[in-house]
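**Student:** structural data only, the sequence is not supplied:
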């Protein structure tokens, strides 16, 4: 049965609407991923905060779905055309203004105890907040204009059909961007593809559909020009690459690498290598009268300096693990010592923690080599690529891979004394051996620990050691820094004010203000909060078990979307309060299972296949049941596009609520998700009782 107010359409127009809704789902997801990558590479230090872009996207999408009814068909088309003008304004502003994330000094950011490494030019550090805020506002507006058109198409289908088409398009969008990432296609091509595909859902004749090509062409030229120079430094001759993680620039004259505009690595020749920190541990071993290190593992091998040092000092075999294929490729092509061409070296493109979990080899030396990334694992979490390398369990595993008398080595520019102290305390707790500082220079230090060394001394630590459940190396102690607390409060107040105004503005309309509509809206809001946290938790859990690689994360996102489709298909067969009681119970049990059985315990399962199956069951079961509840509740709604907007706005709160993991750890998110769905049950029960025997809300268990 087609709900009231739905538009009937002819077979031909039905096909067109189906195509257009699928295309809008594709375009929205593709542009979201493209902007997260592009802006991180062209706005100083945004790679650390991709969640800000994601939150702006969700706010814009929510507004588009909730306010689409105020745009006539002609205005709706004009807004869709305006998307390209907004993108042109965003790209042009980024190109000429060179905005940066506020709060950074020229060499670090310290947000109330949350430490970030950088080398931002002073001019960017002194900009203030306004340029950055402008960028976020433009992003929100862009996705509002896109999503209002998607909402217009939503109302032409039954709710689950519309939702399925939108998610199917999103699946295609993420698969396409996975291909873009794998091939290393440059950013200008992303915008060119978006511009051409945007012409498909435009309703005007083909004589005027090509108009978005004009601003699109300017965007392509600007982005191509941006890729030809280092961010904000036009005088440097470079080769630029878009790896699956970040923008990578190689400066030929200096043999150096910059990531997202920030100085990252330099390739060192043999002569200069002899006086550098790479050599310290090898010199110390030689002075002690021991043979050179035979089997060596380099975690974060980068462009090859550590590998070159190991080979120069007599290593028989080196496993060099580097997560970014573009950086490894540059090292292979340009390092003066050609370490990656040696028959003694196995270059592995993978996550270091995942490699240590799998490898059967033992080593004389394991080096944690300047593993300080400038990007997050995903746009949904606070974890950086290297966070799971620096946990109690990871160091314990590395220590277990050492041969008797072998050494673990950690070195970096630690920026703050407490960070080095945290590394040393983590070593003590993991190995029960006392670490040694063998070299320091200003904020740089080389820390070693020997297998079978001196027993660790007791140190009263005022810092918290990172674990797999709380993997926050760069936080001095458990807690939510004040800047994030204010962000959580500000976003909650903003969303509360926004949804309050939207509800008041629509409650006088029959379709949006019927009895029971407010608790229904709030139920979808809380489902958005819970689902975003579930998705975040899924990415984090799989990062721990299988590595923080872009491919693993992309496959998790794709699996989540596929589960949405599966839930939509399954929802057709779910009828009656008993069935819903079972679904709610399964959701709560599956959510809390990882709280009582930490997913990290699966690292003890030796079989990779068994570990994957168990992890998938524990991770994806709650996502499936959560989507099933959403789909059953959504399928008979009269204003599904409006409620979907509330759901998207709820996701913005979920994105901010993820900051709570900085205090409680990631297992605690299961409790938050469970509590959110208990609130959903109560709200749906209230809505059901308010409306009476209505098909508009899926009956909660107690009915």
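**Tutor:** Happy to help now that I have it. Being a predicted model, the structure only gives us computed values, none of them experimental.

**Student:** how much space separates residue 221 from residue 85?
**Tutor:** The spacing between residue 221 and residue 85, counted by Cβ to Cβ, to the nearest Å, is 16 Å. (Each C-beta comes from the backbone N, C-alpha and C, glycine too.)

**Student:** hmm, who's touching stretch 485-499?
**Tutor:** The contact list for stretch 485-499 (Cβ atoms under 8 Å, 6 or more residues apart in numbering) reads 55, 63, 480, 521, 525, 646, 649, 652, 653, 656, 657, 659.

**Student:** what's the most distant pair in those residues?
**Tutor:** Pairwise distances across those peak at 28.3 Å for 480 and 521 (criterion: Cβ to Cβ).

**Student:** tell me which of the two has more neighbours.
**Tutor:** residue 521 (25 against 20; other Cβ atoms under 10 Å).

**Student:** name the helix or strand for that one, please.
**Tutor:** Assessed by DSSP states H and E, residue 521 sits inside helix 517-546.

**Student:** and the next helix or strand past that helix?
**Tutor:** Using DSSP H and E, the next helix or strand after helix 517-546 towards the C-terminus is helix 550-571.

**Student:** okay, buried residues for that following helix please.
**Tutor:** 550, 552-554, 556-557, 559-561, 563-568, 570-571 (16 or more other Cβ atoms under 10 Å).

**Student:** which secondary structure elements does the strand or helix carrying residue 419 sit against?
**Tutor:** With elements taken from DSSP H and E, the one containing residue 419 is helix 417-431. If contacts are counted by 3 or more Cβ pairs under 8 Å, 6 or more residues apart in numbering; DSSP states H and E, helix 417-431 sits against helix 392-400, strand 402-413, strand 444-450.

**Student:** which parts of the protein are strands?
**Tutor:** 108-111, 114-117, 238-242, 247-251, 256-259, 262-266, 295-299, 317-322, 345-349, 363-369, 402-413, 436-441, 444-450 (DSSP state E).

**Student:** flag the shaky bits of the stretch 201-350 of the chain, pLDDT-wise.
**Tutor:** Applying pLDDT under 70 to the stretch 201-350 of the chain flags residues 204-206, 232-236.

**Student:** cool, the chain as well?
**Tutor:** In the chain, residues with pLDDT under 70: 1-13, 122-126, 204-206, 232-236, 461, 691-703.

**Student:** how near is the residue lying farthest from the centre of it to residue 47?
**Tutor:** In terms of distance from the mean C-alpha position of the chain, residue 289 ranks first, at 47.2 Å (Cα atoms, centre = their mean). Distance, residue 289 to residue 47, using Cβ to Cβ: 45 Å.

**Student:** can you list contacts of stretch 465-479?
**Tutor:** Identification of contacts with stretch 465-479 by Cβ under 8 Å, 6+ apart yields 113-116, 382-384, 386-388, 390-394, 416, 418-419, 422-423, 425-426, 429, 462-464, 481, 544, 598, 600, 661-663, 665-667.

**Student:** OK, contacts around the residue lying closest to residue 30 once chain neighbours are set aside?
**Tutor:** In this structure, residue 30 finds its nearest non-sequential neighbour in residue 173, 4.1 Å apart by Cβ to Cβ, 6 or more residues apart in numbering. Applying Cβ under 8 Å, 6+ apart to residue 173 gives the contacts 25, 26, 27, 28, 29, 30, 33.

**Student:** which of those residues fall in helices?
**Tutor:** Those of these mapping onto helices are 25, 26, 27, 28, 29, 30, 33, per DSSP state H.

**Student:** list only buried entries from those residues.
**Tutor:** Taking 16+ other Cβ under 10 Å as the criterion, what is buried in those is 25, 26, 27, 28, 29, 30, 33.

**Student:** bridged to the nearest residue to residue 239 once chain neighbours are set aside, which residues?
**Tutor:** Computed as Cβ to Cβ, 6+ apart, the closest residue to residue 239 that is not its neighbour in sequence is residue 250, at 4.5 Å. For residue 250, the beta-bridge partners are residue 239, residue 257 (DSSP bridges).

**Student:** residues in contact with residue 250?
**Tutor:** Contact partners of residue 250, counting by Cβ under 8 Å, 6+ apart, are 238, 239, 240, 241, 256, 257, 330, 334.

**Student:** likewise residue 262?
**Tutor:** Applying Cβ under 8 Å, 6+ apart, the residues near residue 262 are 44, 45, 118, 119, 120, 374.

**Student:** residue 187 now?
**Tutor:** Contacts for residue 187 (Cβ under 8 Å, 6+ apart) come out as 34, 37, 38, 41, 223, 226, 227, 242, 247.

**Student:** state the distance from it to residue 175.
**Tutor:** For residue 187, the distance to residue 175 - Cβ to Cβ - is 19 Å.

**Student:** also residue 88?
**Tutor:** According to Cβ to Cβ, residue 88 stands 27 Å off from residue 175.

**Student:** domain-wise, how is the chain divided?
**Tutor:** 1-185+187-226, 256-450, 482-703 (automatic domain parsing).

**Student:** okay if I get those as JSON lines plus distance to residue 457?
**Tutor:** Listed next are the domains of the chain as JSON lines, based on distance: least, Cβ to Cβ, whole Å:
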{"stretch": "domain 1-185+187-226", "distance to residue 457": "26"}
{"stretch": "domain 256-450", "distance to residue 457": "6"}
{"stretch": "domain 482-703", "distance to residue 457": "28"}
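
**Student:** picking that back up, filter the contacts of residue 262 down to the buried ones, ChimeraX style.
**Tutor:** To isolate the buried members of those in ChimeraX, using 16+ other Cβ under 10 Å:
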select :44,45,118,119,120,374
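
**Student:** want to throw the contacts of residue 262 into a markdown table with distance to residue 621?
**Tutor:** Shown next, in a markdown table, are the contacts of residue 262 (distance: Cβ to Cβ, whole Å):
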| residue | distance to residue 621 |
| --- | --- |
| 44 | 41 |
| 45 | 37 |
| 118 | 40 |
| 119 | 44 |
| 120 | 43 |
| 374 | 35 |
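
**Student:** what's the closest of the contacts of residue 262 to residue 362?
**Tutor:** residue 374 (32.1 Å).

**Student:** most centrally placed residue in this protein?
**Tutor:** Nearest residue to the geometric centre of the chain (Cα atoms, centre = their mean): residue 378, 1.2 Å.

**Student:** is it true that that residue touches residue 539?
**Tutor:** Yes - at 4.9 Å, residue 378 counts as touching residue 539 under the criterion of Cβ atoms under 8 Å.

**Student:** need the residues touching each of these two.
**Tutor:** Taking Cβ under 8 Å, 6+ apart as the contact rule, the neighbours common to residue 378 and residue 539 are residue 553.

**Student:** contacting residues for residue 608?
**Tutor:** residue 358.

**Student:** out of the helices and strands packed on helix 417-431, which is closest to residue 620?
**Tutor:** Nearest of the helices and strands packed on helix 417-431 (Cβ to Cβ): helix 392-400, 23.3 Å.

**Student:** output the contacting helices and strands for that closest one.
**Tutor:** Packing contacts for helix 392-400, counted by 3+ Cβ pairs under 8 Å, 6+ apart, involve helix 352-358, strand 402-413, helix 417-431.

**Student:** hmm, residue 37 is touching residue 223, no?
**Tutor:** No - with contact defined as Cβ under 8 Å, residue 37 does not count as touching residue 223 (11.6 Å).

**Student:** who's more crowded, those two?
**Tutor:** Comparing residue 37 with residue 223 by other Cβ under 10 Å, the one with more neighbours is residue 37, at 27 against 21.

**Student:** got a list of what that one touches?
**Tutor:** 187, 190, 242, 246, 247.

**Student:** between those, which is closest to residue 198?
**Tutor:** residue 190 (12.6 Å).

**Student:** so who does the closest one touch?
**Tutor:** Residues in contact with residue 190 (Cβ under 8 Å, 6+ apart) are 30, 34, 37, 38, 180.

**Student:** let me have those residues in TSV, extended by distance to residue 71.
**Tutor:** What follows is the contacts of residue 190, written out as TSV (distance: Cβ to Cβ, whole Å):
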residue	distance to residue 71
30	23
34	25
37	30
38	28
180	31
